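[1] Give me the fold of what follows.
(one chain, ligands or ions: 2)
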Amino acid sequence: MQQCRNFHEVTGNVIVPNMVRGIDHLKDPRLNKGLAFTLEERQALGLQGLLATNFKTQEQQIDIARISVDRYKSDLNKYLYLVELQDTNERLFFSLLDQNIEKYLPIVYTPTVGLACQRFGLIYRRARGLFISINDKGYVYNIIRNWPEHDVRAIVFTDGERILGLGDLGAYGMGIPVGKLSLYTALAGIKPHQCLPILLDVGTDNETLLEDPLYIGLRHKRVRGEKYDEFVDEFMKACITRFGPNTLLQFEDFALPNAGRFLKKYQEKYCTFNDDIQGTASVVVAGLMAATRITKKKLSENIYLYLGAGSAANGIANLTVLAMMDEGLSEKDARDRIFMFDVDGLLSTRRSQGVPKHAENFGKDMEPETDFERCVEIVKPTCLIGCSTIGGAFTPSILKLMGKHNQRPIIFALSNPTNKAECTAQAAYDNTEGRCVFSSGSPFPPVSYDGKEYHTGQGNNSYIFPGVALGVIATSAHHIPDYIFLTAAKTLAEFVHESDLKIGRLYPPLKQIKEVSLSIASEVAEMAYKKDLATVYPKPKDMQLYLKSHLYQLKYPDYLPKFYKYPDMPNIKVKSFDEAYSGIMTSTDIHRPLGKHK
Ligand SMILES: O=C([O-])CC(=O)C(=O)O
Ligand SMILES: [Mg+2]
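    Numbers count the residues shown, from 1 in each chain. Ligands and ions are numbered 1, 2, ... in the order given. As a prediction, the model looks like this:
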């Protein structure tokens, strides 16, 4: 890895001393360019003969890779192809993603990444990131020191207890930090070598996994309590000891009690955030802000009813309170407009279980109610927000009620992946006479209603966390307060055009997501200076320009100056790649090891 660091320190068209030569150059995904090595590079780097004679430009390689992915029928096989590409030629992987973001985001990320996590034991090939187990307690720093990169700026880590809406997947959860960090680079241009995915393995309570011969993690129940807390504490300290105090530490997919607790404990001590609480909140509040342009009701004029009172629900609710206060409401009045319903029913202070501590801001002095539909009848929300991980929980009759009480009911079915969504986009339109304002956490195909097509948006935190991370990393901010996520929400909402709203979309199209991330980063960076969170001085004069100068370069670098040339290849007319492939490419999937685990 030493050679990688040299390379990354001297990016661009610069000759790199001590460049690794020969087959090792091809084997390093960060240096590999496949057939794009020029003759001069092949000669100087000792690659001649190790590659086929012909040259392919990066653009041609992107075409070939795209065709190769597309011929797989199953999304999981597409995922496997892409993972393999990332492991062999990193720049090609990211430039392919860059040019096909709408197509491949659902593959490298939600929802396919969820399936990949469920099958992780089967698809686990080459390790990416660090696995740190509870058995390493007392030695966590030593484990982190084994990571070969020095310049790590961001760590995404999970203990795998609440993977998307799929529950406890233990060590199989590693797919999530890996996927999230791919988006750091693909959407915000953060350099891949600055990103480190980590799985904290403390066991799993998932009985199926404990008995699964393919399972790759510790085969015992989760260690909890003091020992677990000390382990996480040691981990946080070890990260900053190794990589510096401003290293960004992103909590991902921790179970509710731990997620909220750790956020409180660490938010003012480390440069940290919880994506499921704060990232989700930010993207949903942005969607609500965009929705106000359709419903003509301010945020503070809505009544919100949540199905689910977990980390996501509370994160969204707390940020909505901040946003309503921004509109002039008192904190109490803002909270009064938010109702929640969990497994034990409406969060009523009169119910026998009381209100859970993590949601106590939203308990109401009301008659307990355990029937959600009755609750919709009583509360008459203008806005229904699903964070329950119960697929189909917004039944047709609940949706019809929303349509009855509201001219433009807001329906957010946020649980991931797709089969956990509280309702489909189509069901929301069908049961509200097409009047709903809809958003979901996972993507849905376009909806047809009354002869019109709607392209509802995916209210996924991928609109938020990469941009926030770039802003934080580029300014070396020491903390990430909640208002940073309000700033991000406002910036995202401004990207929504009338043309988006007309087709039922509360978010800008995914093809704009890089532009969105850069703008969020820029606003976050400005805020970081305004609030004295930034530690990079002097403050850059032109923030966008400054950020751009830090971005990962997708284009292959030239490694060497020109030596001599071969005679030109004869100029024979060559078919386009799509043309050439069309005859020979059937849709037979090659990656077939899934067998009965499908
Ligand atoms: O990964 C996603 O798509 C959103 C997310 O953080 C989650 O559902 O946990
Ligand atoms: Mg998550």
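[2] could you list every residue that touches Tyr507?
    Residues in contact with Tyr507 (C-beta atoms under 8 Å, 6 or more residues apart in numbering) are 283, 286-287, 290, 439, 457-459, 463, 492, 495-496, 500. Any C-beta I mention is one placed from the backbone N, CA and C, and that applies to glycine too.
[3] For stretch 110-120, list every residue counted as buried.
    110-120 (16 or more other C-beta atoms under 10 Å).
[4] ah, wrong one, I meant stretch 163-180
    163-166, 168-180.
[5] What's the nearest residue in the stretch 351-500 of the chain when you look at ligand 1?
    Ranking the residues of the stretch 351-500 of the chain by distance to ligand 1 (C-beta to the nearest ligand atom) places Asn416 first, at 3.9 Å.
[6] An error on my part: the question was meant for the chain.
    Nearest residue of the chain to ligand 1: Thr110, at 3.2 Å (C-beta to the nearest ligand atom).
[7] is it fair to say that residue lies in a helix?
    No: using DSSP: H, G, I helix; E, B strand; the rest coil, the assignment for Thr110 is coil, not a helix.
[8] so how far is Thr475 from it?
    28 Å (C-beta to C-beta, to the nearest Å).
[9] Could you do Leu130 as well?
    From Leu130 to Thr475 the distance is 26 Å (C-beta to C-beta).
[10] And for Arg351?
    Using C-beta to C-beta, Arg351 is found at 46 Å from Thr475.
[11] Repeat that for Gln407.
    Plainly put, Gln407 is 43 Å away from Thr475 if you go by C-beta to C-beta.
[12] Neighbour count for those two, which is higher?
    The neighbour count for Gln407 versus Thr475, taken as other C-beta atoms under 10 Å, is higher for Thr475 (26 against 10).
[13] The more buried one touches Ala525, doesn't it?
    Yes: using C-beta atoms under 8 Å, Thr475 is in contact with Ala525, at 4.8 Å.
[14] what is in contact with these two at once?
    The contact lists of Thr475 and Ala525 share Ala534, where a contact means C-beta under 8 Å, 6+ apart.
[15] Low-confidence stretches in the chain?
    Under the criterion pLDDT under 70, the flagged ranges of the chain are 1-19, 561-572, 574, 580-598.
[16] which parts of it sit against ligand 1?
    For the chain, the residues found near ligand 1 under the criterion C-beta under 6 Å from any ligand atom are 110, 164, 253, 275-276, 416, 441, 460-461.
[17] ok, and of the residues you listed, which contact ligand 2?
    Contacts with ligand 2 within the residues of the chain next to ligand 1, as defined by C-beta under 5 Å from the ion: 253, 276.
[18] From what I see, the residue of the chain closest to ligand 1 and Gly441 are in contact.
    Yes: using C-beta under 8 Å, Thr110 is in contact with Gly441, at 7.2 Å.
[19] and the closest residue to Tyr215 other than its chain neighbours, how many neighbours?
    Leaving aside its sequence neighbours, Tyr215 sits nearest to Leu209 (C-beta to C-beta, 6 or more residues apart in numbering; 5.0 Å). Residues near Leu209, counting by other C-beta under 10 Å, number 23.
[20] now whichever strand or helix holds Leu209, how far from the chain's geometric center?
    Using DSSP states H and E, Leu209 sits in helix 207-211. The chain centroid and the centroid of helix 207-211 are separated by 27 Å, computed with C-alpha atoms, centre = their mean, to the nearest Å.
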